[in-house]
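>>> turn this into a structure:
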Amino acid sequence: METIDKGATQAARPPEFRELYERWFEDVSRWIRAMGGPEADREDLVQDVFMVVYRRLPDFDGENVAGWLYQIARRRVRDFLRLAWVKHLLLRNEPLSDALPEKSESPTDALDTKEKRQILETLLQKLNDRERTALLLFEVEGYSGEQIAALQGVAVGTIWVRIHNARRKLKLALAKYERKGEFHK
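As a prediction, this is how the structure comes out:
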């Protein structure tokens, strides 16, 4: 995993849009995933982030590129999720891609995978945004605690506390879910 500081060293001049887009596209996509951006909307959210970047680039001083992009992504995901309930009420349909099994999966395996994914997403949504994001960036995306701290602009100890709290809450929620008999391995 590369260090987050590589974009921050370009403080002498603001980067070109194409440079930013090519260098940071995958990182922004991973951040959006970790922040709870829905899979079906992730590409659109990434494009939205880069539309904001394009508009604001002339005013950007070139300092801490990763932090700047992360904050834009965080705000876009926050705004998207705030409005998601309206979409849910109006549309009430699952994306077709969520309903179709993978070609290599049997229908039973596809259903089991879908149910487990829904359980995990439900449990993750019970975490606060900061804990969920820190946990997913660390556990799923492979960022170090130091990298996450630099992105979020907080002390590394704060990140470790968030990850610890998220793991504890997930473990308790999963145990509660299993006791109710709603989860089958």
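>>> beyond the lowest-mean-pLDDT helix or strand in the chain, next helix or strand please.
Ranking every helix and strand in the chain by mean pLDDT, DSSP states H and E puts helix 96-99 at the bottom, with a mean of 42. Downstream of helix 96-99, the next assigned helix or strand under DSSP states H and E is helix 107-125.
>>> who are the packing partners of the following helix or strand past that following helix?
The helix or strand immediately downstream of helix 107-125 is helix 129-139, counting by DSSP H and E. With contacts taken as 3 or more C-beta pairs under 8 Å, 6 or more residues apart in numbering; DSSP states H and E, helix 129-139 sits against helix 17-34, helix 107-125, helix 145-152, helix 156-179. The way it works is simple: take the backbone N, C-alpha and C, and place the C-beta from them, glycine included.
>>> rerun at 7 Å
Counting contacts by 3 or more C-beta pairs under 7 Å, 6 or more residues apart in numbering; DSSP states H and E, helix 129-139 packs against helix 17-34, helix 145-152, helix 156-179.
>>> residue 54: which of those is closest?
Of all the helices and strands packed on helix 129-139, helix 17-34 sits nearest to residue 54, with 5.6 Å by C-beta to C-beta.
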